[in-house]
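[1] Just the structure for this:
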Amino acid sequence: MAKMQANQMRAGMVIEFEGARYTILKQNIMIPGKGAAVIQVEMRNVKSGAKKDQRWRTADTVERLTTEDKEFTYSYEDGENLVLMDPATFEQTMVPKDILGDRLPFLQENMTVNVKLIEGEPVSMDLPETIVLEVIEADPVVKGQTASSSYKPAVMSNGVKVMVPPFITAGEKIVVKTADGTYYERAK
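    Purely as a prediction, here's the structure:
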């Protein structure tokens with residue numbers, strides 16, 4: 001375990017807080033009109049899966065846990081678990097679905113994922129930075145809209161709604177960022 005300042009926390013890190021292990025889901029630095037900046041962190045308890053919001057001052061310190069990174073290939077969903085395969089040994093590992101949180105719809109079959117382990121126990125999972133999805137449904141272009149000023153909603157092949165530029169139509173493939181589900185570019 002190593003101490004670090006609260007403002008160094010990033011999504012995916014694992015910390016120990018009040019005797020429990022937590023995975024950082026989101027981190028936001030808030031600067032109020034008066035006073036010092038605070039770090040607003042959304043985190044999930046590794047054991048119970050319960051989410052918790054916590055605020056720290058930037059000067060506060062937290063215990064960061066050392067994790068081991070291991071690559072797996074996603075195979076399939078089995079009830080409340082995801083079945084991952086170790087590409088070296090072909091061993092299967094079960095990981096709870098809620099480890100991904102709201103990024104779960106971006107998980108695709110045979111996708112290589114990075115799992116953070118503490119003492120062999122999975123505590124967090126990282127997806128590739130971007131994925132290619134097909135646009136299933138998109139609103140028609142409205143005349144007079146310019147590409148730089150407005151975006152329109154579109155439904156992707158995984159059921160997620162993404163705001164896309166007006167020139168994107170149904171049937172096209174686009175690149176989407178998995179961290180926040182935003183449009184990145186047209187697929188090449």
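[2] Any buried residues in stretch 64-84, and which?
    In terms of neighbour count (16 or more other CB atoms under 10 Å), stretch 64-84 has its buried residues at 64-65, 67, 70, 72, 74, 82, 84. C-beta here means a position set from N, CA and C on the backbone, and glycine is covered the same way.
[3] no, scratch that, I was asking about stretch 5-15
    6, 9, 11-15.
[4] And stretch 38-53, by the same measure?
    Buried residues in stretch 38-53, counting neighbours by 16+ other CB under 10 Å, are found at 38-39, 41-44, 46.
[5] The residues you listed into TSV, with extra columns for secondary structure?
    TSV is the format used below for the buried residues of stretch 38-53 (DSSP: H, G, I helix; E, B strand; the rest coil):
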residue	secondary structure
Val38	strand
Ile39	strand
Val41	strand
Glu42	strand
Met43	strand
Arg44	strand
Val46	coil
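[6] Out of the buried residues of stretch 5-15, which comes closest to Phe90?
    Closest to Phe90 out of the buried residues of stretch 5-15 is Gly12 (26.2 Å), distances taken as CB to CB.
[7] what does the helix or strand of the chain with the lowest mean pLDDT contact?
    None of the helices or strands of the chain scores lower by mean pLDDT, DSSP states H and E than strand 121-126, at a mean of 82. Residues outside strand 121-126 that contact it (CB atoms under 8 Å, 6 or more residues apart in numbering) are 12-14, 21, 23, 46, 67, 93, 95, 99-100, 113-117.
[8] what is the mean pLDDT for the helix or strand just after that strand?
    Counting by DSSP states H and E, the next helix or strand C-terminal to strand 121-126 is strand 130-138. Taken as a whole, strand 130-138 has a mean pLDDT of 90.
[9] on contacts alone, who are the packing partners of the helix or strand just after strand 130-138?
    Following strand 130-138 in sequence order, the next helix or strand is strand 152-156 (DSSP H and E). Contacting strand 152-156 under the criterion 3 or more CB pairs under 8 Å, 6 or more residues apart in numbering; DSSP states H and E are the following elements: strand 130-138, strand 161-164.
[10] Now do the helices in this structure.
    Shown for the chain, no helices are assigned by DSSP state H.
[11] Lys26 reaches Ala11, doesn't it?
    Yes. Using CB atoms under 8 Å, Lys26 is in contact with Ala11, at 6.0 Å.
[12] Relative to Leu107, tell me which of the helices and strands packed on strand 152-156 wins on proximity.
    Closest among the helices and strands packed on strand 152-156, using CB to CB: strand 130-138, at 9.0 Å.
[13] Now Tyr76. Nearest residue, chain neighbours left out?
    Nearest non-adjacent residue to Tyr76, counting by CB to CB, 6 or more residues apart in numbering: Val83, 5.3 Å away.
[14] how close does the one you found sit to Glu172?
    31 Å (CB to CB, to the nearest Å).
[15] The residue nearest to Leu84 when sequence neighbours are not counted bridge partners, please.
    Nearest residue to Leu84, sequence neighbours excluded (CB to CB, 6+ apart): Phe72, at 3.8 Å. Using DSSP bridges, the bridge partners assigned to Phe72 are Val113.
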